[in-house]
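1. Here is the input, now give the coordinates:
(one chain, ligands or ions: 2)
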Amino acid sequence: MEIYVRKPLYRKLQKRIIMITLLVCFIPLILLGGIIYYQFANVYKEKIEDQVKYKAKSESNAVKIFLKERTSILSTIVDTNKFDFLKQQDNLFNVFEVINHRADNLGIVDLGIIDNTGQQLAYAGPYNLKGLNYEEQPWFNEVMAKGVYISDVFMGFRKMPHFIIAVSGYDRSGKWILRATIDSDIFNRLVKTAQTGRTGDAYIINKEGIFQTAPRFTGKILENSGIDITTLGEEASFEENKNTDGDTKYYAGAWLKNNEWLLVISQETGREMSGLFATRNLVVGIILFGCLAIVITTVFTTRTTLNRLAEADEGISELNAQLIQSDKLAALGKMAAGIAHEVNNPLAVIGEKAGWMKDLLEDEEFQESENFKEYLTSIEKIEHHVERARKITHNMLGFARRMEPHLDDVDLNEILIQTVELLESHARINNIEIQKDLQEDLPVIASDQSQLQQVFMNLINNAIDAIGSNGSIEIKTSRVKSNLIISIKDNGEGISAEQQRKVFDPFFTTKAAGKGTGLGLSVSFSLIEKMGGTITFESKKTEGTTFHVTLPVVIPEKK
Ligand SMILES: Nc1ncnc2c1ncn2[C@@H]1O[C@H](COP(=O)(O)OP(=O)(O)OP(=O)(O)O)[C@@H](O)[C@H]1O
Ligand SMILES: [Mg+2]
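-> Ligands and ions are numbered 1, 2, ... in the order given. Predicted coordinates for the structure are as follows:
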């Protein structure tokens, strides 16, 4: 039964306990989840950053080797051959044939020998370029000055992207140049190997931001990339942008060809981080599940605990009520003992004198008196009221008895049968039926027979009074664990909620003056209490009342 729900105090307490518990549990859980995710995300980003940087470095090395290899081959040809030899068309052809057959596909499309006036003296390759003059070309002066030159990618006469490598030689007749055209396609394929993953890109741009190799997604070779290369630092540089989807794109660059080309590696974090998002969803899932489990457990335990507390509280307040009742009776007991003692003696004298006066009235001279009848009724009234007063003092002494109850071997069923016998005629006159439902084999207990009879008498009398006429009383006995329970149920007028609190109070009565003393229940209460038992009742106005007397089973000692 959920007692606590009815009490605002418990509801408030429940709310507070649940709130505090949830706060104390949720905050660290959510914080922990957040921190773990944040750290994890950082590590993940760093991993992608490092990956991009590493790729740029290794890819730039591959490109450097590619260029160096071709430059070295050309330098070797220049160093091991004389200008006079190479400027002859047939000889150059031979050399061209040799390098294209002996080595792997180097991507060298043609070779040309140019003298110090820019005149191409010999040409080996698919086009007829012999006799062209390169003096006006900007690269011509550069190679003459620096010894080695690698051009940007351009279309040239051939209408396909290519670039040239030129190496200068020196002999008696002065400086001369060996120039080779490199197929851009093979170079493109090399850079493409770094276009990994779903979003990874790799390309080379020149100083003006023109693509030297084809990017994977937006743009074509020789188009403008839109990247301002001058903003990037000397070392392999690093940039970070947000695209329209909110994904971060990481760029890492590596300089090539004396800082004239930049190899760019890029990677979007979005899709690469799907592993991270899966982890995040798992973390959120675990936290949600944890929170749910905490809520359920907290609510459940709080409710159970408060329920127990409420039950215990109710028990305590019941106990308190009984203690107050016993206190009241104990105080009254002291007073009653004094009053009863003081009043009993005069009462005895009054009673005795009234008896003496009654005896005197038997004399003839009095009987002839005209007031004889009046004397007699007055004396009888005095006797009646003395008797009533004695009864009251006797009842009051019920509280005052200090001595322990006199212990007999008591058969409760037997006492009840005797008590009912005494009251049966009185009940029958008023058309009240008394039914008995007595459990057989009740143990004989050690208790005070006459006191118990007095208690049952009081309870059954009250039941008869409550019914008035026409009704029934049910008397039941039973054993529950180590207690005997006697219930007396009537279908009388019942007790109103307000009076329920007072019925055990001494002198509380609803009966007409002179009819009830209001001591029956309070005396019964203290007698049963002394025996270690309790009296309780339940009642509903107009429906009836049931009184329960509970007595502990005290097995009599063997005599
Ligand atoms: N079974 C009952 N049904 C309805 N009211 C009851 C019942 N028993 C007791 N009461 C109420 O409790 C009051 C107190 O009972 P109690 O036995 O102490 O005194 P009383 O019966 O009034 O007087 P006395 O017992 O001296 O004749 C009664 O006046 C009555 O109002
Ligand atoms: Mg009574």
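2. Which SSE is immediately downstream of the lengthiest helix in the chain?
-> Identified as the longest helix of the chain according to DSSP state H is helix 274-361. Using DSSP states H and E, the helix or strand that follows helix 274-361 in sequence is helix 364-367.
3. So what touches stretch 169-179?
-> Applying CB atoms under 8 Å, 6 or more residues apart in numbering, the contact partners of stretch 169-179 are 74, 77-79, 82-84, 86-87, 111-116, 120, 134, 140, 143-144, 164-168. Using the backbone N, CA and C atoms, a C-beta is placed for each residue, glycine as well.
4. Over to stretch 534-545?
-> So stretch 534-545 is contacted by 322, 455, 463, 466, 489-497, 500, 503-504, 521, 524-525, 528, 546-550 (CB under 8 Å, 6+ apart).
5. Restricted to helices, list those residues.
-> Those of these lying in helices (DSSP H): 322, 455, 463, 466, 497, 500, 521, 524-525, 528.
6. and the residue of the chain found nearest ligand 2, how far is that from ligand 1?
-> Ligand 2 sits closest to Gly520 of the chain, with a gap of 2.8 Å, by CB to the ion. The spacing between Gly520 and ligand 1, counted by CB to the nearest ligand atom, to the nearest Å, is 2 Å.
7. what are the pairing partners of the helix or strand harbouring Ile113, and which direction each?
-> Per DSSP H and E, Ile113 falls inside strand 108-114. Paired neighbours of strand 108-114 in the sheet (DSSP bridges): strand 120-124 (antiparallel), strand 174-183 (antiparallel).
8. pLDDT weak spots in the chain?
-> 1-7, 102-104, 157-158, 230-247, 270-273, 397-405, 558-559 (pLDDT under 70).
9. What residues does it have near ligand 2?
-> The chain comes close to ligand 2 at residues 462, 520, as judged by CB under 5 Å from the ion.
10. possible to save the strands paired with strand 108-114 as TSV with mean neighbour count and distance to Gly333?
-> TSV is the format used below for the strands paired with strand 108-114 (neighbours: other CB atoms under 10 Å; distance: least, CB to CB, whole Å):
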stretch	mean neighbour count	distance to Gly333
strand 120-124	21	139
strand 174-183	21	125
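11. So for Glu49, which of these sits nearest?
-> strand 174-183 (32.7 Å; CB to CB).
12. Now do the helix or strand that comes right after that closest one: which elements does it pack against?
-> Once the chain leaves strand 174-183, the next helix or strand it forms, by DSSP H and E, is helix 184-192. When contacts are defined as 3 or more CB pairs under 8 Å, 6 or more residues apart in numbering; DSSP states H and E, helix 184-192 packs onto helix 8-80, strand 162-171, strand 201-206.
13. ok, 10 Å please
-> helix 8-80, strand 108-114, strand 162-171, strand 201-206, strand 261-268 (3 or more CB pairs under 10 Å, 6 or more residues apart in numbering; DSSP states H and E).
14. Give me the angle between the longest one and strand 162-171.
-> The directions of helix 8-80 and strand 162-171 differ by 40 degrees, with axes from the mean of the first three to the mean of the last three CA atoms, to 10 degrees as the criterion.
15. Whatever helix or strand comes next after helix 8-80 - contacts with which helices or strands?
-> Note on helix 8-80: by DSSP H and E, the next helix or strand toward the C-terminus is helix 83-86. Applying 3+ CB pairs under 10 Å, 6+ apart, one finds that helix 83-86 contacts helix 89-102, strand 108-114, strand 120-124, strand 162-171, strand 174-183.
16. how about those in CSV, adding distance to Pro556?
-> Output for the helices and strands packed on helix 83-86, formatted as CSV (distance: least, CB to CB, whole Å):
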stretch, distance to Pro556
helix 89-102, 128
strand 108-114, 127
strand 120-124, 137
strand 162-171, 124
strand 174-183, 123
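17. got those as TSV, with distance to ligand 1 columns?
-> Compiled in TSV, the helices and strands packed on helix 83-86 are given as follows (distance: least, CB to the nearest ligand atom, whole Å):
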stretch	distance to ligand 1
helix 89-102	127
strand 108-114	124
strand 120-124	133
strand 162-171	118
strand 174-183	119
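18. I'd guessed the residue of the chain closest to ligand 2 sits against Asn458; true?
-> Yes: Gly520 lies in contact with Asn458 (CB atoms under 10 Å); the separation is 3.9 Å.
19. Mutual contacts of the two, please.
-> Asn395 (CB atoms under 10 Å, 6 or more residues apart in numbering).
20. Can you give me the domain boundaries for the chain?
-> Here the domain parsing of the chain from automatic domain parsing is 1-272, 276-373, 405-552.
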